[in-house]
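Undergrad: pasting a predicted model and its sequence here:
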Amino acid sequence: MSSQFDRRKFLTRGLTLGGIAVAGPTILTACVSSGSGTTTGNGFGVASLRLAWIKNTEFAGSYFADKNDYYSQAGFSGSELIPGGPTAPPIESDVLTRTFAGVSQVPIVASAVAQGAPLKIIGAAYQRYAGCVMSMASKPIETPTDLYGKTIGCASSSEPVWRNFIAALGLDNSRINTVPVQGNPIGMTAGEIDGYLGYVNDQAIELRDKGFDVHTMLLADVGFPLVGQTYITTQDNIANHRDKVKAFLKAEIRGWKDVLANPQLATDITVNEYGKNLSLDPKTTLASCIAGNDLIRNGQAGQQILTFSDETAAANIKAIAAGGLHLSVDDLFELGPIREVYQENPDLALS
């Protein structure tokens, strides 16, 4: 990969990520907060973060970091949490042009990096990617080969991950009927499709709350060992603003520790404050938060959240290579800053 990168050319032409176009600049609107206290920043400016989706509980760690002044205590003057959604600009484009960091997924970031984007993954909230194949419990899809002969609904935004999953497991794509859907798995409950590629902490919970008996097959549990909710920033930030990267990660770690300690409070601030315009259901939001917490924890004492081992990074590289993304660990990941955060602040590890 060339060491030189024409950012303007990248943004002008757009970048196709398995069907997802990373387009040029689009005007964003977001609220800038300085938190609830009076701590003054130390020169890092605003901690601007582009979220991967709407302001639901998937980003509650960042809400706590804002609300409890963790960003300002780390040296920022305030925070800007910019939501995503079906009509939002691509995350990778935003991080290159207007935000300090973003939350994305491994295959999508890897596609951008493979085409020249100067981005790196610097951490991951989820030890296991939340993607799953949902099916009705009466006709469960329990193993990858159970997909043969089935019709699986897949939203366009999830299609790159789906194709990568099929390739990584060596499945015969011709034996799986994948059909486009508009992000709603309800057709599965009517027998229109056999399964749906969704998220274990999102659509599966919503269907169960409506009374449907749903089975889930987590992709990470059946041979697709991706981490999830990955944090990204630019190579320039890592090289020239390392202290700022570390300060940002420290604030995020503190926020996610709060989510793990009190999912009910995380639910309350999501429903009543950060996502108040979304009319989120408190019951399903709490269930989503608890499911997300299960993806964060690895079951080990003294876990250092948001980071992961070199072996896990290598497993992620191997998984995406099957889909045609041939990168090295160093091409995609830079875990030095977050490891330094824990070296300097060992008390941040889970007790």
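TA: Yep, it's here.

Undergrad: quick one: low-confidence ranges for the stretch 1-150 of the chain?
TA: Where the stretch 1-150 of the chain drops to pLDDT under 70, the residues are 1-42.

Undergrad: and the one helix or strand Ser288 maps to, what's buried?
TA: Ser288 belongs to helix 282-296 when assigned by DSSP states H and E. For helix 282-296, the neighbour count (16 or more other Cβ atoms under 10 Å) marks 284-293, 295-296 as buried. Quick note: C-beta positions are derived from backbone N, CA and C, even for glycine.

Undergrad: surely Ala124 is in contact with Ile232?
TA: No. When contacts are counted by Cβ atoms under 8 Å, Ala124 is not listed as touching Ile232 (10.0 Å).

Undergrad: rewinding a little: okay if I get the buried residues of helix 282-296 as CSV plus pLDDT?
TA: Formatted as CSV, the buried residues of helix 282-296 follow (pLDDT from 0 to 100):
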residue, pLDDT
Thr284, 96
Thr285, 97
Leu286, 98
Ala287, 97
Ser288, 97
Cys289, 98
Ile290, 98
Ala291, 97
Gly292, 98
Asn293, 98
Leu295, 98
Ile296, 98
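
Undergrad: show me what the helix holding Ser288 is packed up against.
TA: strand 119-126, helix 203-209, helix 242-261, helix 263-269 (3 or more Cβ pairs under 8 Å, 6 or more residues apart in numbering; DSSP states H and E).

Undergrad: most neighbours per residue, which of these?
TA: strand 119-126 (a mean of 26; mean count of other Cβ atoms under 10 Å).

Undergrad: report the central residue of this protein.
TA: Nearest residue to the geometric centre of the chain (Cα atoms, centre = their mean): Gln229, 2.2 Å.

Undergrad: so who does that one touch?
TA: 52, 58, 103, 105, 124-126, 130 (Cβ atoms under 8 Å, 6 or more residues apart in numbering).

Undergrad: so it, which state does it fall into?
TA: For Gln229, the assignment made with DSSP: H, G, I helix; E, B strand; the rest coil gives strand.

Undergrad: without its sequence neighbours, what residue ends up closest to it?
TA: Distances taken as Cβ to Cβ, 6 or more residues apart in numbering place Ala125 nearest to Gln229, at 3.7 Å, with adjacent residues excluded.

Undergrad: so what's that neighbour up against?
TA: Contacts of Ala125 (Cβ under 8 Å, 6+ apart): 61, 103, 228-231, 256, 292, 295-296, 305-306.

Undergrad: so can I have TSV of these showing distance to Ser79?
TA: Shown next, in TSV, are those (distance: Cβ to Cβ, whole Å):
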residue	distance to Ser79
Gly61	12
Val103	14
Gly228	22
Gln229	18
Thr230	19
Tyr231	14
Trp256	15
Gly292	20
Leu295	24
Ile296	21
Ile305	19
Leu306	17
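
Undergrad: closest to Leu207 out of the residues you listed?
TA: The closest of the contacts of Ala125 to Leu207 turns out to be Gly292 (Cβ to Cβ; 16.9 Å).

Undergrad: touching, that closest one and Tyr126? I think so.
TA: Yes. With contacts defined as Cβ under 8 Å, Gly292 counts as touching Tyr126 at a distance of 7.2 Å.

Undergrad: quick revisit: of all the helices and strands packed on helix 282-296, which lies closest to Ser138?
TA: Short answer: helix 203-209, nearest of these by Cβ to Cβ, at 13.3 Å.

Undergrad: rewinding a little: which one of the contacts of Gln229 is nearest Val161?
TA: Closest to Val161, out of all of the contacts of Gln229 and judged by Cβ to Cβ, is Gln105, at 6.7 Å.

Undergrad: ok, that closest one - how many residues close by?
TA: Gln105 has 25 neighbours, counted by other Cβ atoms under 10 Å.

Undergrad: then Ile152?
TA: 22.

Undergrad: mind checking how far the helix or strand where it lies is from the chain centre?
TA: Element membership of Ile152, judged by DSSP H and E, is strand 151-155. Relative to the chain's own centre, strand 151-155 is displaced by 20 Å; criterion: Cα atoms, centre = their mean, to the nearest Å.

Undergrad: contacting residues around the closest residue to Tyr199 other than its chain neighbours?
TA: Sequence neighbours aside, Ala130 is the residue nearest to Tyr199 in space, at 4.5 Å (criterion: Cβ to Cβ, 6+ apart). The contact partners of Ala130, by Cβ under 8 Å, 6+ apart, come to 199-202, 218, 228-229, 291-292, 295.
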